[in-house]
Every structure is written in C-alpha cells, then in structure tokens.
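>>> here is a sequence together with a model predicted from it:
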Amino acid sequence: MSRVVLVSNRVMDLRKAAQAGGVAVALADIVRTRSALWFGWSGETAPQETADAVSREGRIVTVPLTASDYEGYYLGYANSVLWPVFHNRLDLAQFEAGFFERYMAVNSRLAALLQPMLRPDDIVWVHDYHMIPFAMELRKRGVANPIGFYLHIPFPPWQTFMAIPEHQQLAHALSAYDLIGLQTKADVGNFVTYLENGVYGRIVPDGRIRLFDRLVSVASFPVGIDVEQFANAKRDAGLVQARQSVSRIIGIDRLDYTKGLPQKFKAFGKLLEKYPQYRRQVVLTQIAPPTREDVEAYASIRRQLESLAGSVNGRFGELDWVPIHYIRRSTPRRRLADIYRSSRICMVTPLRDGMNLVAKEYVAAQDPADPGVLILSQFAGAAEEMSEALIVNPYSIDGTADVIRVALEMDLTERQARHAALMAAVRKHDATAWAESFLAHLARGRSGEDPGSRPPRTIRRALQKLQQPTRAQTRMKALGQNRVDGRIMSR
Ligand code: GDG
C-alpha cells in the first residue's frame, strides 16, 4: 500500500487526538494506522532566517510561518478573502493588495520544503482553502504523484466565486490536482458550473473535467464523525443541570459569523415572546469558543452576541432563571457527549456551513430510547443527508421560533423514528468511510495529463493570460511596494 502524505494548514498533536474534532481524528487515524506523513504549519511564527527550519517528530512534519506570512496568508487571503467569499459573504471580503502574493508565496515555500521528502509511490492529500495552490507548486518541482484536494467549506455560486480578482489563478491551481473532493452534491454543482462558465472547463465522456491542459475528477465525499466515540461515551462525566424540569437547547459552534448565532439568539427570544408558556421551562446554552480574533469581523460578531444575550436575558430573565447561557470558551471534548445527551434540543443553524459535525455528534450521542431533537439549517451541508432533522431557514426568525416549539412538543414515537433515520445517515458516512473512500478514489484515478493533443484555443488564451502579471501586480512591482502612499490598494 502506498504511503499517504497529508498536507493541511494546521497539523495536530497525535497525543491529543482523542480531544480533537471528527476530521482531525480521521486524519490522525490514517497517520497511526498506515504508512503516512502529515505536513503543515506548526502554529508558531518565527523570524525569516529560521522560517525554513523543518521539525520532524515521527510521522509529523511542521514548519513555522513568518509574521508577515501569518498576516498576509493566514489572516489575510485565507481568512479575510477565501473564507468569507466561499461562505457567500462578499460584503466581508477584504481584497487587499499583497494578500494573494503572500498566499502563493507560503504555498510555494511549503511545497519546496515537502518535495524532497516525497517518494515516487506516495499519494498526496491536501486539505482546505489555505492550500489550494499546493499541488501546482509541487508539479512545478516535477512531482508526478497522484495529488488530491479536499475542500471542507462550501463552494459558492459561480458568480460569487468570480468576484475574487484572482479566481482564474485559483482555478488554474486547482487543475494541478487529480481529484477534487467537496462536501455535498450541491457544492459539486456550484463548482462544476463555475468551471464551465468561468474558465472554459468541459466535462469529458469519462466524467472528468478538462480544465486548462489537465483532466480532473470532481466528486462529493460528505465528511463524518467517529460515531462510537459519542455513542459509547461514558455517561458519568457528571453534567450538573440547574433544574431537571428545565429543557436545555444546546448550541456548540466556533464563534464565527457563518454560524448564524445572532439569528439563533433572536429566534429563541422570539419563542419566549410569542409563547410565554415556555418561560422558565427552557434554556438556551450556547458554547462558542472564539477563533481568529485578530480579524475584525470576528470581534464584531462577538460584540453583537454579547449585546443580544444581554438583551434577551434582561427582558425575560428572572431571579432563578437565566434564558441564555452564553459561554465564550472551549469545553473539554470528554464532556461533549454528556452535554449533547442531556440536551432536549440541539440547534445547528448556520447561515452557511460546509458540513457541520456538531449536528452529527449530537445525533450519535443521544439515548435511542429517549432521544432529543435536532434543528438543522437548510444551509448546512449536513442537511443534504440529514433530512429527518427539523430543517429551518435561519434567516426566518419567526419560522425558527415556531420550529423550536414543534421540537419542544414532539412526542417520543416521532423523536425515536427521526433519531433512528438520522443515526443511519450518520453511520453511513462516518469519518473512516470518508477518508477511505477519498483515498481509494484517488489511488485508482488515472493520470491527470490530458491525452488530447492540444488544448482548445479558448483554453490556450486563458492560460496565456494567467501567465501574464495582473495590472495591479505590474504597478506594485514598478512602485517596489505593496501599499501605495500608505493606503491599502484594493483590487
Ligand atoms: C470546518 C467546516 C466542516 C466546537 N466547540 C468545541 C469543540 N468543538 C468541536 C465540535 C466539532 C468541531 O469542533 C466543529 O466542527 P464543525 O463541522 O461544526 O465546524 P468547523 O470548525 O467550522 O469545521 C465545517 C468541518 O470543517 C469538517 O469538514 O463540517 O463545515 O466549517 O467536532 O465538537 N470541541 C471542544 N470544545 C468546544 O468548545 N472540545
């Protein structure tokens, strides 16, 4: 069996694997159970002179970023351009000069550091939006191995993607992969439509896509969880509930503007306003560990949530009942199964989400004899497989409040029937199935070289255009700087 080389922005400490999320666990399993190497950023920054120092501990290889890499590549292009655009938030995208160049430079530097470690029969699996150009950089250095890419976040509608000034360069970079995996069929639809409309991609008779001068396979591989970890978790972790008679609605989401947290708080407030009989009977516990706090949009969602929680609690709270428990910290993983199991309802209501593992973890952790109810946004990738959840449009505050009421009133027979169907879906695509199906597809794939003689004229023209620097790049080069007159030049 070939060695698998995993590449991702962050690499996990294998000793802490039991505490990590589904994907990290699945990747850690690959590294532990077969011949493998995991390569990525160490999470540290270092001065330019030592930034190429590779650390190797067993099968884990990490490299630091410089401070300007962290700014331009991580906070900049990855999290202030790609993350908002892929989640349909063009209004939050910061198309600043210099971000894209740093993004490309980091991918190029990391690929150069990995290349000497590769063996001819390795298969390489690159993860997520931080690393789109990685395969192209390896190919430039002569790497001919099969290379696959998996996008954990959604792919946006094609016109939205075309708003990225460098969309053609990104598409060209994606053409260096042999297999591109997405979360859902809807994402595959969006991606293929973009390739056809944006960069002259064409589906060939064997189902692959002719993209520039290569052939690429595109398919959906819905990501899953380690079901047993939640189904068989010890039941004595001891979650203390204030009053047994109060039903808990749980929410566990990174503090991110894509997760629909303000809408969730508003819908809960609306429930208490419209249906006063639920006051003192129900609490919303929202655990929201902060991430990417250096990006302004994240500081702003944090302020918004604090004010909303304060306003709902101020309006409806009593001396012995606080309606919203808002916890802006991370909770130890070993407590999650108990928290899920003791919650009557779980609200997973993102405005956009690649998959959403919390939805799957909640279902896996339930007692099948007395399960809770999952309320799931139609905009989470998970809704494609989990149609037995109560599906809501999170933008409809009134509609969501009504669905919370339905969940609170649902009888045992219906809860059991829905849970059984959801559990079957969660088991079908668990974390192991996800990783194995992707790797099997990649391993049996054909070479991505296009057997056709020459790419058509339209594609040749697009290729030539890509090889020329953009107007902004030429202008910046002439000025010898990234910022013009101290102002950030936007593109
Ligand atoms: C990206 C995509 C896609 C959360 N809070 C705590 C905690 N968590 C764990 C959850 C879960 C994981 O983090 C979150 O996974 P999600 O899937 O919900 O969301 P993202 O972090 O945005 O992940 C997403 C995923 O990649 C996989 O492809 O599904 O769409 O955005 O496992 O349990 N864990 C602990 N304490 C917390 O407070 N220990």
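Thanks, I have the structure now. Numbers count the residues shown, from 1 in each chain.
>>> which stretches of the chain have low pLDDT?
The model of the chain has pLDDT under 70 over residues 17-22, 235-244, 446-491.
>>> for the longest helix seen in the chain, packing partners?
For the chain, the helix that runs over the most residues, judged by DSSP state H, is helix 296-316. Helix 296-316 sits against helix 261-274, strand 324-327, with contacts defined as 3 or more CB pairs under 8 Å, 6 or more residues apart in numbering; DSSP states H and E. Any C-beta I mention is one placed from the backbone N, CA and C, and that applies to glycine too.
>>> the nearest residue in space to Val373 that is not next to it in sequence: which element?
Among residues not flanking Val373 along the chain, Ala407 sits closest, at 4.1 Å (CB to CB, 6 or more residues apart in numbering). Per DSSP states H and E: Ala407 is located in helix 397-409.
>>> does any bit of the longest helix of the chain sit next to the ligand?
No - Helix 296-316 stays clear of the ligand (CB under 6 Å from any ligand atom), getting no nearer than 12.7 Å.
>>> now the angle from that helix to helix 261-274?
Inter-element angle recorded for helix 296-316 and helix 261-274: 10 degrees (by axes from the mean of the first three to the mean of the last three CA atoms, to 10 degrees).
>>> buried residues, helix 296-316. List them.
Ala297, Tyr298, Ile301, Arg302, Leu305, Leu308, Ala309, Val312, Asn313, Phe316 (16 or more other CB atoms under 10 Å).
>>> got the contact list for the fifth one?
For Leu305, the contact set (CB atoms under 8 Å, 6 or more residues apart in numbering) comprises Leu255, Leu261, Pro262, Phe265, Ala288, Tyr326.
>>> by proximity to the ligand, which residue of the stretch 51-200 of the chain wins?
Of all residues in the stretch 51-200 of the chain, His152 sits closest to the ligand, at 3.6 Å by CB to the nearest ligand atom.
>>> wait, what's in contact with Ala420?
Residues in contact with Ala420, defined by CB under 8 Å, 6+ apart, are Pro368.
>>> and the next element down the chain from the host helix or strand of it?
Ala420 belongs to helix 412-428 when assigned by DSSP H and E. Note on helix 412-428: by DSSP H and E, the next helix or strand toward the C-terminus is helix 431-444.
>>> what residues does that next one touch?
Under CB under 8 Å, 6+ apart, the answer for helix 431-444 is 2, 4, 22-23, 25-27, 29-30, 123, 125, 146, 148, 150, 178-179, 181, 217, 219, 221-226.
>>> now a PyMOL select for only the buried ones of those residues.
PyMOL command restricting these to the buried ones, with burial defined by 16+ other CB under 10 Å:
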select buried, resi 2+4+22+23+25+26+27+29+30+123+125+146+148+150+178+179+181+217+221+222+223+224+225+226
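>>> please list the residues of the stretch 101-250 of the chain that sit near the ligand.
Checking the stretch 101-250 of the chain against the ligand by CB under 6 Å from any ligand atom, the hits are His152, Ile153, Val223.
>>> number of residues surrounding Gln366?
24 (other CB atoms under 10 Å).
>>> tell me how far it lies from the ligand.
Separation of Gln366 from the ligand (CB to the nearest ligand atom, to the nearest Å): 15 Å.
>>> and if you look at Ile252?
Distance, Ile252 to the ligand, by CB to the nearest ligand atom: 5 Å.
>>> using the three-state scheme, assign the closest residue to Trp321 other than its chain neighbours.
In space, and not counting its chain neighbours, Trp321 is closest to Arg280: 4.8 Å by CB to CB, 6+ apart. Classification of Arg280 using DSSP: H, G, I helix; E, B strand; the rest coil returns coil.
>>> so what's Arg280 up against?
By CB under 8 Å, 6+ apart, the contact set of Arg280 is Val246, Glu318, Asp320, Trp321.
>>> restricted to buried residues, select the residues you listed in PyMOL.
Those of the contacts of Arg280 that count as buried under 16+ other CB under 10 Å are selected in PyMOL with:
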select buried, resi 321
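>>> now for the contacts of Arg280, which pair is the farthest apart?
Farthest pair in the contacts of Arg280 (CB to CB) is Val246 and Glu318. Separation: 11.9 Å.
>>> could you dump the contacts of Leu305 to CSV with neighbour count and distance to the ligand?
Shown next, in CSV, are the contacts of Leu305 (neighbours: other CB atoms under 10 Å; distance: CB to the nearest ligand atom, whole Å):
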residue, neighbour count, distance to the ligand
Leu255, 21, 9
Leu261, 28, 12
Pro262, 18, 17
Phe265, 25, 17
Ala288, 21, 8
Tyr326, 20, 13
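>>> from those, which two are the most distant?
So, the contacts of Leu305 by CB to CB: farthest apart are Leu255 and Phe265, at 12.6 Å.
>>> roughly how far is stretch 180-192 from the heart of the chain?
Remark: stretch 180-192 is offset 14 Å from the chain centroid, using CA atoms, centre = their mean, to the nearest Å.
>>> for the protein, what's the longest strand?
Assignment by DSSP state E gives strand 36-45 as the longest strand of the chain.
>>> next, the buried residues of it.
Ala36, Leu37, Trp38, Phe39, Gly40, Trp41, Ser42, Thr45.
>>> A strand includes Ala176, no?
No - secondary structure assignment places Ala176 outside any strand; it is coil (three-state DSSP).
>>> so what's it up against?
Ala176 sits in contact with Ala135, Met136, Leu138, Arg139, Ile147, Arg214, Gly448, where contact means CB under 8 Å, 6+ apart.
>>> drop anything exposed from these.
By 16+ other CB under 10 Å, the contacts of Ala176 give Ala135, Met136, Leu138, Arg139, Ile147, Arg214, Gly448 as buried.
>>> among these, which two are most distant?
Taking CB to CB as the measure, those have their most distant pair in Leu138 and Arg214, spaced 13.6 Å apart.
>>> pull the number of nearby residues for Lys259.
Using other CB under 10 Å, Lys259 has 28 other residues around it.
>>> with adjacent residues omitted, what lies nearest to it?
Using CB to CB, 6+ apart and skipping residues adjacent in sequence, the residue nearest Lys259 is Asp253, 3.9 Å away.
>>> the one you found reaches Pro290, doesn't it?
No - the criterion here is CB atoms under 8 Å, and Asp253 misses it with Pro290 at 11.1 Å.
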